[in-house]
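K.L.:
model this:
(one chain, ligands or ions: 1)
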Amino acid sequence: MLSIALTKGRLEKQSVAMFEECGYGIEQLKDKGRQLVFQDSIKDQRYFLVKAADCVTYVEHGVADVGFVGKDTLMEADGRYYELLDLGIGKCGFIVAGLPGKSPFEKLGHVKIGSKYPHVARDFFKKRNMDVEVIKIEGSVELAPILGLCDGIVDIMETGTTLRENGLVVYERICDISARVIVNRASFKLKQKEIMALLNDLTKVRDRHAETNGSK
Ligand code: PRP
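P.N.:
Numbering: from 1, shown residues only. Below you'll find the predicted structure:
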């Protein structure tokens, strides 16, 4: 039996769609109500829905053999697991943003950066040789520069709508991000056949998507 931890929210629908294309029995996952654990009706595997950071924790502890989680969370968490596949879904980027005409890169003196991703933010500015104060924010990060809590933010941007609607601009794109498959280290040895079969199925679906998108 394989246990697969899926990240709730943004990635959820696309992950479930990939399983459906793999031909797995995920009817329950599509029509789920408040349920959190689901047995596949065809394969010997179960799925559970968790928050992104918890997905990593479940995989590290071997409660989940496999996890679907964004690279943003992996860059922030830095845990012990194998990262084995880029699923090609949940594509977005890490960016530095701020108020128009007030670039945090040009500010003299003490610079404050707000972020849900303090490690990513610290690493980025360290590589730039900029000594900044990073303030951890749990959500709605776009508010922070508007209210004067910080001079800029490090956050993920998908469509750019949230930044635009709040009058913020991008000053730099740090890197691209997408959803990844992570695997518990012991599971990879003990359940290698099942895990390789799963990765194979997912790779085929991903590559089919890439072909279709490329030919559009
Ligand atoms: C993320 C991110 C931005 C938004 C970007 O937040 O922190 O706020 O999505 O998406 P966009 O470029 O498509 O507008 P999320 O929706 O995860 O909510 P949160 O702020 O409550 O964490």
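K.L.:
and the helix or strand of the chain with the lowest mean pLDDT, which residues are buried?
P.N.:
Least confident helix or strand, the chain: helix 27-30 with a mean of 90, by mean pLDDT, DSSP states H and E. Of the residues in helix 27-30, residue 29 count as buried by neighbour count, 16 or more other CB atoms under 10 Å. Where C-beta positions appear, they are placed from N, C-alpha and C, glycine not excepted.
K.L.:
just checking, next helix/strand downstream of it?
P.N.:
Heading C-terminal from helix 27-30, the first helix or strand you meet, by DSSP states H and E, is strand 37-39.
K.L.:
neighbouring strands for that next one, and are they parallel or not?
P.N.:
strand 45-50 (antiparallel) (DSSP bridges).
K.L.:
mind checking how far stretch 206-215 is from the chain centre?
P.N.:
For stretch 206-215, the separation from the chain centroid amounts to 21 Å (computed by CA atoms, centre = their mean, to the nearest Å).
K.L.:
any idea of the mean pLDDT for that stretch?
P.N.:
Stretch 206-215 carries an average pLDDT of 87.
K.L.:
Surely residue 133 is within a helix?
P.N.:
No. Assigned with DSSP: H, G, I helix; E, B strand; the rest coil, residue 133 falls outside any helix and is strand.
K.L.:
got the CA coordinates for stretch 133-141 in CSV?
P.N.:
Taking Å, rounded to 0.1, in the frame of the first residue of the first chain, the C-alpha atoms of stretch 133-141 are listed here in CSV:
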residue,chain,number,x,y,z
GLU,A,133,15.8,42.6,8.2
VAL,A,134,13.3,39.8,7.3
ILE,A,135,9.9,40.0,9.0
LYS,A,136,7.9,36.7,9.0
ILE,A,137,4.3,37.2,7.8
GLU,A,138,1.7,34.4,7.7
GLY,A,139,-0.5,35.6,4.8
SER,A,140,-1.8,38.5,2.7
VAL,A,141,1.8,39.6,2.5
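K.L.:
how about it, does it reach the ligand?
P.N.:
Yes. Shown here: stretch 133-141 in contact with the ligand (CB under 6 Å from any ligand atom) through 139, 140, 141.
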